[in-house]
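Undergrad: I'd like to go over a predicted model; first the sequence, then the structure.
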Amino acid sequence: VTANVNDPAMGSVSGAGEYEEGKTATLTANANPGYEFASWSNGSTVNPLKITMTQDTTLTATFEAIPSMTCAEAAAAPKDAVVVLNPFDVVYVVKGAGYIYIKDASGVNLIYDFNLDDQLKAGDHVEGFVGVSSPYNGLPEMKVSGITFEDLTVTAGTAPEPTVFATVPTKADANKYVKFENVSLTANATFTTSSATNATMVVNGTNVTLRNSFKLAATLSKDKTYDIVGAVAIYNSNIQIYFISATEVVPPVVNHTITVAANPVEGGTVTGGGEFEETDEITVKAVANEGYEFTCWTEGTDTVSTD
């Protein structure tokens with residue numbers, strides 16, 4: 001049996017060769033990334049195709065390009081459907097974890113089981129991606145389908161900043177790359193690279209689950225305030241934030257000036273004035289000149305100390 005293809009760039013066929021009469025030959029059409037098998041030249045769409053050998057046979061496998069689609073269209077594709085995405089931008093890469101968030105004009109999508117997370121970076125513009133639709137809890141997600149870095153056309157760009165949320169996101173915000181400023185946790189949390197544990201952060205008075213789905217290491221204290229960056233996720237209809245990073249918010253330093261003076265000026269000298277940080281404990285000292293004695297410290301017309 002002889003096997004041909006309509007375009008070698010689209011795919012190949014295995015199983016061709018010489019068989020004894022009466023034996024069964026099995027031809028398998030193997031599509032390259034971005035293409036799919038359409039039919040055999042005998043009209044069959046079965047793949048693999050079994051043929052009982054009664055004579056010399058020549059068949060051609062026809063492949064077609066998989067139509068490219070937006071993230072939104074990919075999100076609506078049936079589970080396990082092969083999808084080719086329109087060009088997209090990389091929003092965020094979770095290095096070493098196989099997760100990449102991408103975005104085009106239609107929205108945001110999550111790619112996982114991705115073996116190129118160490119070669120792509122936030123801001124890259126990518127063309128030529130082929131994946132498999134794998135929605136999770138009704139959200140758009142995709143697995144990779146046998147592509148290599150060489151299959152992609154990548155142009156470097158500027159990494160996007162996360163969207164700042166002052167309130168709890170909604171389901172419509174699923175997969176968005178987000179930031180919560182000046183938030184606290186209800187309890188201490190230790191995230192490790194070995195388990196996907198949960199913590200609870202408070203966003204505008206509402207408790208929200210902060211989940212370490214990407215298994216990133218971090219230690220967070222309930223007594224501190226953080227700017228937390230993550231990705232919006234939905235689990236059992238509940239909003240979760242997949243943890244990416246946390247930066248401790250350090251309160252600004254507040255300085256105060258203390259001015260000291262002797263009254264009357266010839267009565268003595270005073271020291272200890274200057275600029276100090278709030279909560280600093282300072283000491284001021286009055287030394288009376290001959291013929292004078294210290295009586296008290298005043299602020300305006302009020303006596304504040306006799307020490």
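TA: Okay, I see it. Numbering: from 1, shown residues only.
Undergrad: all contacts plus neighbour counts: C-alpha atoms, from now on.
TA: OK.
Undergrad: what number of residues lie near residue 247?
TA: Applying other C-alpha atoms under 10 Å, we find 13 other residues in the vicinity of residue 247.
Undergrad: Figure out the helix or strand that it lives in.
TA: Following DSSP states H and E, the helix or strand that holds residue 247 is strand 238-248.
Undergrad: C-alpha coordinates for the next helix or strand along the chain from that strand, CSV please?
TA: Using DSSP H and E, the helix or strand that follows strand 238-248 towards the C-terminus is strand 255-258. Listed in CSV are the C-alpha atoms of strand 255-258, where the atom choice follows Å, rounded to 0.1, in the frame of the first residue of the first chain:
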residue,chain,number,x,y,z
ASN,A,255,9.0,63.1,61.3
HIS,A,256,8.3,65.8,63.9
THR,A,257,10.4,68.9,64.9
ILE,A,258,10.9,69.9,68.5
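Undergrad: what separates strand 255-258 from the chain centre, distance-wise?
TA: Using C-alpha atoms, centre = their mean, to the nearest Å, we find the averaged C-alpha position of strand 255-258 to lie 44 Å away from the chain's own average C-alpha position.
Undergrad: Let's test this: mean pLDDT of the next helix or strand after that strand, rounded?
TA: Proceeding N to C from strand 255-258, the next assigned helix or strand is strand 268-271, under DSSP H and E. This predicted structure assigns strand 268-271 an average pLDDT of 93.
Undergrad: For the very next helix or strand once past strand 268-271, name the packing helices and strands.
TA: Stepping forward along the backbone from strand 268-271, the first helix or strand reached (DSSP H and E) is strand 274-277. In terms of contacts (3 or more C-alpha pairs under 8 Å, 6 or more residues apart in numbering; DSSP states H and E), strand 274-277 is packed against strand 255-258.
Undergrad: Partner strands of the strand it packs on and their direction?
TA: Based on DSSP bridges, the pairing partners of strand 255-258 within the sheet are strand 274-277 (antiparallel).
Undergrad: List the buried residues in the following helix or strand past the partner strand.
TA: Beyond strand 274-277 on the C-terminal side, the first helix or strand identified by DSSP H and E is strand 285-288. Along strand 285-288, these residues count as buried under the neighbour rule (16 or more other C-alpha atoms under 10 Å): residue 286.
Undergrad: Return the strand holding residue 247 as PDB; C-alpha atoms alone will do.
TA: Listed next in PDB are the C-alpha coordinates belonging to strand 238-248 (Å, rounded to 0.1, in the frame of the first residue of the first chain):
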ATOM      1  CA  ASN A 238     -16.500  30.900  44.700                       C
ATOM      2  CA  ILE A 239     -13.900  33.600  43.900                       C
ATOM      3  CA  GLN A 240     -10.300  32.600  44.700                       C
ATOM      4  CA  ILE A 241      -7.100  34.500  44.100                       C
ATOM      5  CA  TYR A 242      -4.200  32.300  42.900                       C
ATOM      6  CA  PHE A 243      -1.100  33.700  44.700                       C
ATOM      7  CA  ILE A 244       1.800  35.100  42.600                       C
ATOM      8  CA  SER A 245       3.600  37.600  44.900                       C
ATOM      9  CA  ALA A 246       3.300  39.700  48.000                       C
ATOM     10  CA  THR A 247       5.200  42.900  48.900                       C
ATOM     11  CA  GLU A 248       5.100  44.200  52.400                       C
END
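Undergrad: What are the contacting residues of it?
TA: Taking C-alpha atoms under 8 Å, 6 or more residues apart in numbering as the criterion, the residues outside strand 238-248 that touch it are 94, 169-171, 208-214, 216, 218, 224-234.
Undergrad: Distance from it to the middle of the chain?
TA: Using C-alpha atoms, centre = their mean, the distance from the centre of strand 238-248 to the centre of the chain it belongs to is 9 Å.
Undergrad: which ones are touching the closest residue to residue 89 other than its chain neighbours?
TA: For residue 89, the nearest residue in space outside its immediate sequence neighbours is residue 125; the separation is 4.5 Å by C-alpha to C-alpha, 6 or more residues apart in numbering. With C-alpha under 8 Å, 6+ apart as the criterion, the residues that contact residue 125 are 87-90, 154-157.
Undergrad: and the residues you listed, which are buried?
TA: Neighbour counting with 16+ other C-alpha under 10 Å marks 87-90, 154 as buried within the contacts of residue 125.
Undergrad: Am I right that residue 172 falls within a helix?
TA: Yes. The assignment for residue 172, made by DSSP: H, G, I helix; E, B strand; the rest coil, places it in a helix.
Undergrad: Just give the number of residues close to it.
TA: Counted with other C-alpha under 10 Å, the burial measure for residue 172 works out to 10 neighbours.
Undergrad: same deal with the one 4 residues further on?
TA: Residue 176: 24 surrounding residues under other C-alpha under 10 Å.
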